[in-house]
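1. Just a sequence and a predicted model for now, questions to come.
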Amino acid sequence: MAEIVIVPDAAAGGAIVADEIARLIRGNPAAVLGLATGSTPLPVYDALPARLSGVDLSRVRGFALDEYVGIDPSHPESYRSVIAREVVQPLGLDPARIRVPDGSLEGIEHAGDDYERAIGEAGGVDLQILGIGTDGHIGFNEPGSSFASLTRVKTLTEQTRQDNARFFDSIDDVPRHCITQGLGTILRARHLVLLAFGAGKAAAVASAVEGPLTASLPGSAIQLHPHATVVIDEAAASDLARADYYRYAFANKPAWQGL
């Protein structure tokens with residue numbers, strides 16, 4: 001099962017994950033990171049610069065989870081722009097080594113295969129950051145996605161579009177299609193770190209980690225992974241049946257194991 005780490009708040013969760021990423025990069029200067037967007041991973045990205053000060057990051061590579069199809073790459077809410085703004089620039093990463101799926105309409109039919117090839121050529125992802133949607137999606141793998149799915153174009157549900165409308169002027173501006181790493185792609189990463197904060201994510205978290213393994217709840221795919229860590233605050237943990245055990249297990253975890 002995944003390791004469940006319950007923290008007081010999002011800032012504490014971000015600090016724990018940032019510590020693990022810094023440890024990874026110090027041990028492997030050519031580490032490959034899987035980068036999520038949205039509000040959930042921001043505490044991680046905010047905590048990283050202080051932990052990586054003075055560390056050579058010139059060989060670090062990164063792959064974003066997803067991108068909107070048909071959005072102008074220069075749009076402030078394209079994930080290319082978001083990753084540049086929230087990760088690449090604050091950390092001083094080499095922009096040429098950070099990839100985002102190509103959501104351009106021209107060539108979209110083979111963009112998924114191109115992205116899979118690029119991840120493989122980089123040696124795979126060492127640590128994949130994940131959020132989870134209120135309907136249980138990870139990446140843009142909406143309910144019903146195959147656990148074997150690879151990077152491909154998906155149609156966003158209306159719930160996802162409504163959830164993401166806060167980043168746009170109106171829901172009419174939210175694209176209907178995306179290109180996303182598949183669940184099979186995500187599961188190939190060597191370490192999965194899923195973050196969730198707030199009571200609105202409690203039901204999805206409980207279903208993902210304690211519910212049945214089902215394509216109807218894509219986040220439950222993390223149950224298949226040998227090294228998955230779920231970092232959540234008390235509000236997001238409120239529906240967990242075994243929360244006391246998770247707290248006990250983490251409090252008594254050997255320090256050498258890391259996250």
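-> Okay, I see it.

2. List the buried residues for stretch 58-71?
-> Using 16 or more other C-beta atoms under 10 Å as the test for burial, stretch 58-71 gives 60-69, 71. C-beta coordinates here come from the backbone N, C-alpha and C atoms, glycine included.

3. Quickly check these for the two that are furthest apart.
-> The most widely separated members of the buried residues of stretch 58-71 are 60 and 69, with 27.3 Å between them, by C-beta to C-beta.

4. still on that earlier bit, among the buried residues of stretch 58-71, name the ones in helices.
-> If you go by DSSP state H, the buried residues of stretch 58-71 have nothing in helices.

5. Out of those residues, which is nearest to residue 234?
-> residue 65 (26.1 Å).

6. Mind pulling the model confidence for the closest one?
-> At residue 65, the pLDDT value in this model is 97.

7. residues touching the residue lying closest to it once chain neighbours are set aside, list them.
-> Take residue 65 and drop its neighbours on the chain: the residue closest to it by C-beta to C-beta, 6 or more residues apart in numbering is residue 139, 4.4 Å away. Residue 139 is in contact with 36, 65-66, 130, 180-183, 186, counting by C-beta atoms under 8 Å, 6 or more residues apart in numbering.

8. which ones among these are found in helices?
-> Per DSSP H, the contacts of residue 139 map to helices at 183, 186.

9. Make CSV from the contacts of residue 139 and add distance to residue 99 to it.
-> What follows is the contacts of residue 139, written out as CSV (distance: C-beta to C-beta, whole Å):
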residue, distance to residue 99
36, 14
65, 11
66, 12
130, 17
180, 14
181, 11
182, 16
183, 19
186, 15
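
10. ok, residue 90 touching residue 51?
-> No. With contact defined as C-beta atoms under 8 Å, residue 90 does not count as touching residue 51 (11.9 Å).

11. What does the pLDDT read for the nearest residue to residue 68 once chain neighbours are set aside?
-> Nearest residue to residue 68 in three dimensions, chain neighbours excluded: residue 175, at 4.1 Å (C-beta to C-beta, 6+ apart). On pLDDT, residue 175 comes in at 93.

12. Find the helix or strand that residue 175 is a member of.
-> Assessed by DSSP states H and E, residue 175 sits outside every helix and strand.

13. Next, count neighbours for it.
-> By other C-beta atoms under 10 Å, 18 other residues sit near residue 175.

14. name the helices or strands packed onto the one helix or strand residue 24 maps to?
-> Here residue 24, judged by DSSP H and E, is contained in helix 10-27. Judged by 3 or more C-beta pairs under 8 Å, 6 or more residues apart in numbering; DSSP states H and E, helix 10-27 is in contact with strand 3-7, helix 42-51, strand 127-130, strand 192-196, strand 228-233.

15. Dump that helix to CSV, restricted to CA.
-> Output of helix 10-27 as CSV, limited to C-alpha atoms (Å, rounded to 0.1, in the frame of the first residue of the first chain):
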residue,chain,number,x,y,z
ALA,A,10,-0.1,22.5,3.0
ALA,A,11,3.1,24.3,3.9
ALA,A,12,4.3,21.4,6.0
GLY,A,13,3.5,19.0,3.2
GLY,A,14,5.4,21.1,0.7
ALA,A,15,8.4,21.2,3.0
ILE,A,16,8.5,17.4,3.4
VAL,A,17,8.3,16.8,-0.3
ALA,A,18,10.8,19.5,-1.1
ASP,A,19,13.3,17.9,1.3
GLU,A,20,12.9,14.6,-0.6
ILE,A,21,13.4,16.2,-4.0
ALA,A,22,16.5,18.0,-2.7
ARG,A,23,17.8,14.7,-1.4
LEU,A,24,17.2,13.0,-4.7
ILE,A,25,19.0,15.7,-6.7
ARG,A,26,21.9,15.9,-4.4
GLY,A,27,22.4,12.2,-4.8
